[in-house]
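Novice: Mind folding the following:
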Amino acid sequence: MFTSVLMIEKALTSADVEFVTTLHGEEPVTFHVLLQPRGDQADRLLRAIDDIALGELDEAVREGGTPEGEEARSVGERALDVSLQALRSAGSAAQGRLVEDHPLDALKGLVAEVSADEVIVLTDPHYVEEFFHRDWASRARHKVGVPVLKLFSHSKA
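Specialist: Alright, predicted model coming up:
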């Protein structure tokens with residue numbers, strides 16, 4: 001049995017589920033999913049800059065309407081439930097939780113708690129953070145003590 005901690009920022013698509021559940025061939029995988037609901041104003045600004053870098057000006061404008069705070073928590077809970085059910089339907093064991101503060105500390109703690117074999121960070125591209133190595137995957141590589149695989153989601157949030 002292979003144990004993966006899967007860090008996400010939105011509900012998994014069917015393509016995402018197929019991708020992560022087939023990474024290890026026929027070996028059974030248990031997923032421990034961490035989902036962080038949308039963040040604060042600084043996160044909104046970074047998402048808008050990423051949208052502009054991708055030439056998606058309409059998306060950058062819509063960032064102002066993205067749920068934040070308690071509303072984001074509710075959306076996050078639904079996204080986590082959908083993701084866990086999709087992983088289970090694909091034949092994997094899956095459990096998860098929302099992360100609100102200090103996502104990398106939560107990640108490190110979960111990796112130790114479940115004796116994870118790897119961490120998979122599955123997000124949309126975040127060019128500003130990636131350029132400065134401030135994205136989750138880059139920072140996790142220095143904290144968790146297991147291999148960290150960075151994958152891009154198959155759809156925009």
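Novice: partners of the helix or strand harbouring Ile120, with directions?
Specialist: Counting by DSSP states H and E, the element that carries Ile120 is strand 118-123. The strands that strand 118-123 pairs with in its sheet are strand 2-8 (parallel), strand 148-152 (parallel) (by DSSP bridges).
Novice: CSV for these, including distance to Ala94 and mean pLDDT?
Specialist: Quick note: C-beta positions are derived from backbone N, CA and C, even for glycine. Formatted as CSV, these follow (distance: least, C-beta to C-beta, whole Å; pLDDT from 0 to 100):
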stretch, distance to Ala94, mean pLDDT
strand 2-8, 8, 95
strand 148-152, 17, 87
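Novice: Those: which one's closest to His24?
Specialist: strand 2-8 (5.2 Å; C-beta to C-beta).
Novice: Tell me the first helix or strand C-terminal of the closest one.
Specialist: Remark: after strand 2-8, the chain's next helix or strand is helix 14-21, criterion DSSP H and E.
Novice: residues in contact with that following helix?
Specialist: The contact list for helix 14-21, computed with C-beta atoms under 8 Å, 6 or more residues apart in numbering, reads 4, 6, 12, 29, 31, 83, 86-87, 89-92, 120, 122, 151, 153-155.
Novice: coming back round to it: what about the strand holding Ile120, average pLDDT?
Specialist: The average pLDDT within strand 118-123 is 92.
Novice: Give me the residues contacting it.
Specialist: So strand 118-123 is contacted by 2-9, 12, 16, 20, 23, 107, 111, 135-137, 140, 144, 146-153 (C-beta under 8 Å, 6+ apart).
Novice: Mind doing that once more with 6 Å?
Specialist: 4-9, 136-137, 140, 144, 146-151, 153 (C-beta atoms under 6 Å, 6 or more residues apart in numbering).
Novice: Write the PyMOL selection for whichever of the contacts of helix 14-21 are buried.
Specialist: Selection of buried members from the contacts of helix 14-21 for PyMOL, criterion 16 or more other C-beta atoms under 10 Å:
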select buried, resi 4+6+12+29+31+83+86+87+90+92+120+122+151+153
